[in-house]
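Asks: sharing a model that was predicted from the sequence below.
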There are 2 protein chains.
Amino acid sequence: MTPAPAAAPGTSPAPPAPVVPAHGGRRGAGVGEVRLAPGFWGTLQETNARATLAHCLHWMERLGWVANFDAVAAGTTDRDRPGWQFSDSEVYKLLEAMAWELARSADPALEVTYAALVDRVAAAQDADGYLNTCYGHAGQAGRYTDLSSGHELYCVGHLLQAAVARVRTAGEDALVAVARRAADHVCREFGADANPGICGHPEIEVGLAELGRALDEPRYTEQARLFVERRGHGTLTPIPLLSPAYFQDDVPVRDADAWRGHAVRALYLAAAAVDVAVDTGDVELLGAVERQWERSVARRTYLTGGMGSRHQDEGFGDDWELPADRAYCETCAGIASAMVSWRLYLATGDVRYADLMERTYLNVVATSPAEDGRAFFYANPLHQRVAGQDVRTDAENPRAEGGARAPWFDVSCCPTNVARTLASWQAYLASVAGDELTLLQHAAAEVDVALEGGGRLAVRIATRYPDDGAVRVEVRDAPGREVTLRLRVPAWARGARFTDVDGTVRDAEPGWAVTRGVLRPGDTVLLELPLEPRFTWPDPRIDAVRGCVAVERGPLVLCAESVDLPAGVALDDVRVDPCAAPEADGDGAVVRARVLAPAADDDALPYAGAPAGAPGDADLRLALVPYHRWAERGPSTMRVFVPTA
Amino acid sequence: MTPAPAAAPGTSPAPPAPVVPAHGGRRGAGVGEVRLAPGFWGTLQETNARATLAHCLHWMERLGWVANFDAVAAGTTDRDRPGWQFSDSEVYKLLEAMAWELARSADPALEVTYAALVDRVAAAQDADGYLNTCYGHAGQAGRYTDLSSGHELYCVGHLLQAAVARVRTAGEDALVAVARRAADHVCREFGADANPGICGHPEIEVGLAELGRALDEPRYTEQARLFVERRGHGTLTPIPLLSPAYFQDDVPVRDADAWRGHAVRALYLAAAAVDVAVDTGDVELLGAVERQWERSVARRTYLTGGMGSRHQDEGFGDDWELPADRAYCETCAGIASAMVSWRLYLATGDVRYADLMERTYLNVVATSPAEDGRAFFYANPLHQRVAGQDVRTDAENPRAEGGARAPWFDVSCCPTNVARTLASWQAYLASVAGDELTLLQHAAAEVDVALEGGGRLAVRIATRYPDDGAVRVEVRDAPGREVTLRLRVPAWARGARFTDVDGTVRDAEPGWAVTRGVLRPGDTVLLELPLEPRFTWPDPRIDAVRGCVAVERGPLVLCAESVDLPAGVALDDVRVDPCAAPEADGDGAVVRARVLAPAADDDALPYAGAPAGAPGDADLRLALVPYHRWAERGPSTMRVFVPTA
């Protein structure tokens, strides 16, 4: 296997990473340049490797989603194919996760599993490169007969992303060859002079753009650009009861003000638009996505970083429509949001994108998997009214309800998306620009990056973050010339301090804590982030949490769970006293609260001629725990925003 | 045509009405016993007759929903049938509306239209009584192959309700014959020893129960009972992504605590359960529905009487889940809620059921149709954030969004449901028990009812209610013995006064204002209901409107609309001063309010470390108008519950 040439910023080839823009002076760390140590993210990644990959494969074998490929290869397809029309994509996302994990661990058993799975996928590819187990074969609808809902190009997009992981970490192999044929097929079928269609679910764009970079195939990039530009002109056949905004076919990307419709679709499309904008130098398009990010983050994003306010279409709501109880905040939308922010960070260097990534990683992505890596949240609401409804541990579950993690879903996009994200998470920890190393996410890790001017800068990050605010960075190797080391100071961190290599201590304002000079092994800097719990207040235009307050601690959103309440107290009757500051307690916090007197249902309707009385005097010390760990202690009701007394 | 014998309470045959229980000492007024005079409801009914019936027929012809019957009759069906699988039901609901309207006006042109439509329906009936234009014919799926989603029995249910209207008002005709054959077919196919299935959408039950009463066919009642009892045992094939609660197949009717799942389904089923309980003397079943009513009204019902908190499944939410912006409150669910309450009122005589009917009629049902009777709301939210989105006046519309009434919907259940309800609305105005006449809904009307003990009691109701609180009732005819006349005093009416026939004035507490004696023509009573606007406060457990207050005036819920605001003021920035009582203004009210200073979007996210400042000093007189008239003056944002300062 010969590693393929990677498009690279500046002059040196970029190390393997999920996103490698063709232009720009800033690159992400390669997956091999960062090794996570035991700690918050290191543990999640190990669990992913040890448990989640096999868990996903087990379920997809059990449900016949892998066997669908065998049926195509054997010519035994019929109308009764198991799984949704997009189930192929789950296999591809798992392959992507395996590819990243193999680059990290080189586990020979996993290599065998990966190769066997690739063989089954490859055997299902048609001679002309078309690859899909739901369309185009005996007993099935014809190819591309339902672009609005068929997800054929969506599935190919995930195949291409898997191939990107593989070609960059191991070079050309059978999967990469399959992806190349599939991408060529798509370019032939949907090129400028061919079928002018687009896919109802964006994803092919981001896959083509990155495979184009990875294989140095500008045709793929151009096809991605075509798909992005074609969108927004109302050419997709509407899906009954959904508007064209559902799949972003209402307004061209460069003309839109905010994200709308299905959140994952909107965000995959935005990610691709950044890729296209960067590679083609389209400043207007890049600016459009930046503007959409600003508006959507300011008015359509949850405190957790979660996106998607509506169950109906898994979509964004209107501005300020952010219900806590019916928050959708799909795990995949959190992952997709980070995909967009990462690309915007690489393109602009603006710290706000890394801030949102941290918020989303810790409070959406890390919330999804159970501690054992074998159950997941699909939706991530900020308020659970009824404890643990209808979640089965031995079966596929409906996708979004319940207040308990489920092993698998009918639409099971989230588990494999979590798997591929955790398997490559270290790539988002740091970036390199010239002779500058920037540490974006704080996690115990060894970082060893190639600098643009030659030589390497290696550091060891020691921290128990987010449980502790001290982030100590020790230089292990450095070139003998001036370099720059930057650490992100999150926007929430008021009162942070930075100890420079010379021992001087200074205030660190949100943004970057920077040291610049000729660094030597043993040189150490220390960033101390304040982790006192703090109240956070919603904008008064958010109706759903008016009169409520949340508590955050460092980067973590906290929540109250009924399992921590005295017997007989209902969580929805608790009122926080906002005059007493929250106190640290373990890795969470405690706030003073009171409890409403149990209301009598006197009236037929829950509306009365006078406001309800004040809460009782009885003091309650209300415990709050990190949101990402909620529902780990059995069925519970839960609130992030709690009403004030 | 020979009018069919009607099952009757007591000994005398009941006059024609939509609901005529086989047992019980109380009956609703017959449609011919009440004639609405010009006024709120009289005008709505006239507009319905003059505009809505023809409007509905026009759209169903235009879209081919009527021609579907012709295709079955001609044997030309194929796979490309226009309309949803349940579109037949719209034709039946229109026939029901026409039948009630013919009983009222005897319009010869409408009689011709009705008969022609019946002929086209009748021609599509199969020899064995099966009647459906979507299943069972060339190019279509087989009969009863998809009970979960097929709606075949649902459609028959609406056919039977249409036949009930016809047989009771005009006697046996072609439509009644069709319905009889269809009902016989259902009893054969789904009887105790036959197919044990049920329909995913309840409706057949209420149709069979009433046709059984109308035709004195206990087999139909028994079949309705079977369907009700079979439900709740998880026998329906689940619909992907929806739980069995969606179609109430999770828990048997007699075991459920509250309504859940799809609101219209839940309520049609509950209505049928009351019918079955009353006719079979099943006290337990009746009690179960009463308990569900109590719990659901107390915790899952909007101030407007609207039901259904979720767009996703058009369903009830959890207790206290009552978002104002995403309130679904489908018009049909309002109609169905009144169907349940009416049956419970007849069974129990409890005034609370009539109270809820008034609230729902005035604030949900009357909200749906535009003034011209040619456009409708499908969903009835209590908060519109964005003015007039995407509503077309020349095409079918998606069903639930928009903030503007639409002429027709892709799923167009609401227009025909409004039509049949308005065409028979007078039947819900009054009830008769023994020698007692009860006036339940206050509207200008002539009432002339047969008393059980013989003779008639006739009164004229003069009122401009709900625009004025004076309801004057003058006796026009009465038997020469003691009778009772009761007027409902709504639960909201504190300080009502009642002037008896002898001129004495007394306080009228919520419940009933009663006069009893030998009445003579010219005798008059006067009920004076206080219509000062008043603040109404939500239960503190309703998160979505915490910190907000609504204004009601008499039976009307009021709302604020952006068209009434000064330029530059956004409705969502308005804060009501709860210390100043609302003042009457026209048919609405004015409250004192302030306006939030425009918020700067300083932070990336809409959350901050300190609560937002107090609203500015600038006083605003905020106008409030009846909710049922909102969106009549062009695109507007709207709020029922407004935050307090």
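Replies: Sure, I can see it.

Asks: where do the strands sit along the stretch 351-500 of chain A?
Replies: Remark: strands assigned in the stretch 351-500 of chain A by DSSP state E, counting those that start in this stretch are A:383-384, A:396-397, A:408-409, A:430-433, A:436-439, A:445-450, A:456-463, A:470-477, A:482-489, A:496-499.

Asks: reformat the ones you listed as CSV; add mean neighbour count, mean pLDDT and distance to chain B.
Replies: Every residue, glycine included, has its C-beta placed from N, CA and C. Shown next, in CSV, are the strands of the stretch 351-500 of chain A (neighbours: other C-beta atoms under 10 Å in any protein chain shown; pLDDT from 0 to 100; distance: least, C-beta to the nearest C-beta, whole Å):
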stretch, mean neighbour count, mean pLDDT, distance to chain B
strand A:383-384, 26, 96, 7
strand A:396-397, 19, 84, 10
strand A:408-409, 21, 93, 9
strand A:430-433, 23, 98, 19
strand A:436-439, 24, 98, 19
strand A:445-450, 20, 98, 26
strand A:456-463, 20, 98, 24
strand A:470-477, 18, 98, 22
strand A:482-489, 21, 98, 14
strand A:496-499, 20, 98, 15
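
Asks: export those strands to JSON lines and tack on distance to B:Thr52?
Replies: Shown next, in JSON lines, are these (distance: least, C-beta to C-beta, whole Å):
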{"stretch": "strand A:383-384", "distance to B:Thr52": "41"}
{"stretch": "strand A:396-397", "distance to B:Thr52": "44"}
{"stretch": "strand A:408-409", "distance to B:Thr52": "44"}
{"stretch": "strand A:430-433", "distance to B:Thr52": "64"}
{"stretch": "strand A:436-439", "distance to B:Thr52": "66"}
{"stretch": "strand A:445-450", "distance to B:Thr52": "69"}
{"stretch": "strand A:456-463", "distance to B:Thr52": "69"}
{"stretch": "strand A:470-477", "distance to B:Thr52": "69"}
{"stretch": "strand A:482-489", "distance to B:Thr52": "62"}
{"stretch": "strand A:496-499", "distance to B:Thr52": "66"}
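
Asks: state the next helix or strand along the chain beyond the strand or helix carrying A:His58.
Replies: Here A:His58 sits within helix A:53-62, counting by DSSP states H and E. Moving toward the C-terminus from helix A:53-62, the next helix or strand (DSSP H and E) is helix A:67-74.

Asks: same for that next one, what does it pack against?
Replies: helix A:88-105, helix A:108-123 (3 or more C-beta pairs under 8 Å, 6 or more residues apart in numbering or on different chains; DSSP states H and E).

Asks: can you give me the angle it makes with helix A:108-123?
Replies: 50 degrees (axes from the mean of the first three to the mean of the last three C-alpha atoms, to 10 degrees).

Asks: distance from helix A:67-74 to the middle of the chain?
Replies: The chain centroid and the centroid of helix A:67-74 are separated by 31 Å under C-alpha atoms, centre = their mean, to the nearest Å.

Asks: same check on stretch A:152-171?
Replies: Using C-alpha atoms, centre = their mean, the offset of stretch A:152-171 from its chain centre is 18 Å.

Asks: so the host helix or strand of A:Leu44 versus helix A:88-105, what angle?
Replies: A:Leu44 belongs to helix A:40-47 when elements are defined using DSSP H and E. Comparing the axes of helix A:40-47 and helix A:88-105 via the same axes, to 10 degrees yields an angle of 110 degrees.

Asks: want to throw the helices and strands packed on helix A:67-74 into TSV with mean pLDDT?
Replies: As requested, the helices and strands packed on helix A:67-74 are exported to TSV (pLDDT from 0 to 100):
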stretch	mean pLDDT
helix A:88-105	98
helix A:108-123	98
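
Asks: ranking these by burial, who's on top?
Replies: helix A:88-105 (a mean of 26; mean count of other C-beta atoms under 10 Å in any protein chain shown).

Asks: for chain A, which helix or strand comes out least confident on mean pLDDT?
Replies: The helix or strand of chain A with the poorest confidence is strand A:396-397; it has a mean of 84 (mean pLDDT, DSSP states H and E).

Asks: I'd like to know which elements it is packed against.
Replies: Strand A:396-397 packs on strand A:408-409, going by 3+ C-beta pairs under 8 Å, 6+ apart.

Asks: can you list contacts of the strand it packs on?
Replies: A:Trp59, A:Leu63, A:Phe376, A:Tyr378, A:Ala395, A:Glu396, A:Asn397, A:Pro398, A:Arg399, A:Pro415 (C-beta atoms under 8 Å, 6 or more residues apart in numbering or on different chains).

Asks: one more pass at 10 Å, please.
Replies: A:55-56, A:58-60, A:62-63, A:90, A:374-376, A:378, A:392-400, A:414-415, B:241 (C-beta atoms under 10 Å, 6 or more residues apart in numbering or on different chains).

Asks: could you give the separation of that strand from the chain centroid?
Replies: That offset, for strand A:408-409, works out to 18 Å (C-alpha atoms, centre = their mean).

Asks: who does it pair up with?
Replies: Neighbouring strands of strand A:408-409 in its sheet, by DSSP bridges, are strand A:396-397 (parallel).

Asks: show me what counts as buried in stretch A:173-191.
Replies: Residues A:173, A:175-176, A:178-187, A:189-190 are the ones in stretch A:173-191 that count as buried (16 or more other C-beta atoms under 10 Å in any protein chain shown).

Asks: among these, which lie within helices?
Replies: In this view, the buried residues of stretch A:173-191 that belong to helices under DSSP state H are A:175-176, A:178-187, A:189-190.

Asks: pick the one among these closest to A:Gln248.
Replies: A:Phe190 (17.3 Å; C-beta to C-beta).

Asks: now do the contacts for the closest one.
Replies: Counted by C-beta under 10 Å, 6+ apart, A:Phe190 has contacts A:144, A:147, A:153, A:196-199, A:204, A:208, A:223, A:226-227, A:230.

Asks: out of the residues you listed, which is most surrounded?
Replies: Top of the contacts of A:Phe190 by neighbour number is A:Leu208, holding 33 neighbours under the definition other C-beta atoms under 10 Å in any protein chain shown.

Asks: that older thread, of all the buried residues of stretch A:173-191, which comes closest to A:Leu303?
Replies: For the buried residues of stretch A:173-191, the nearest to A:Leu303 is A:Ala179 (38.4 Å; C-beta to C-beta).

Asks: what does the stretch 51-200 of chain A put close to chain B?
Replies: A:Trp84 (C-beta under 10 Å from any C-beta of the partner chain).

Asks: did I read that right, A:Leu208 in a helix?
Replies: Yes. Per DSSP: H, G, I helix; E, B strand; the rest coil, A:Leu208 lies within a helix segment.

Asks: so what's A:Ser341 closest to, chain neighbours aside?
Replies: Nearest non-adjacent residue to A:Ser341, counting by C-beta to C-beta, 6 or more residues apart in numbering or on different chains: A:Tyr353, 4.1 Å away.

Asks: that neighbour is in contact with A:Tyr345, isn't it?
Replies: Yes. The criterion here is C-beta atoms under 10 Å, and A:Tyr353 meets it with A:Tyr345 at 3.8 Å.

Asks: between the two, which contacts overlap?
Replies: Shared contacts of A:Tyr353 and A:Tyr345, counting by C-beta under 10 Å, 6+ apart, come down to A:Ala338, A:Leu440.

Asks: dump the residue contacts of A:Thr47.
Replies: A:Thr47 neighbours (C-beta under 10 Å, 6+ apart): A:Pro369, A:Ala370, A:Glu371, A:Asp372, A:Gly373, A:Arg374, A:Leu422.

Asks: quick check, A:Cys329 in a strand?
Replies: No. Read with three-state DSSP, A:Cys329 is coil and lies in no strand.

Asks: the residue lying closest to it once chain neighbours are set aside - how many residues pack around it?
Replies: Excluding its sequence neighbours, the residue lying closest to A:Cys329 (C-beta to C-beta, 6+ apart) is A:Gly306, at 2.8 Å. For A:Gly306, the tally of surrounding residues (other C-beta under 10 Å) stands at 28.

Asks: what's the distance between A:Gly306 and A:Ala263?
Replies: 9 Å (C-beta to C-beta, to the nearest Å).
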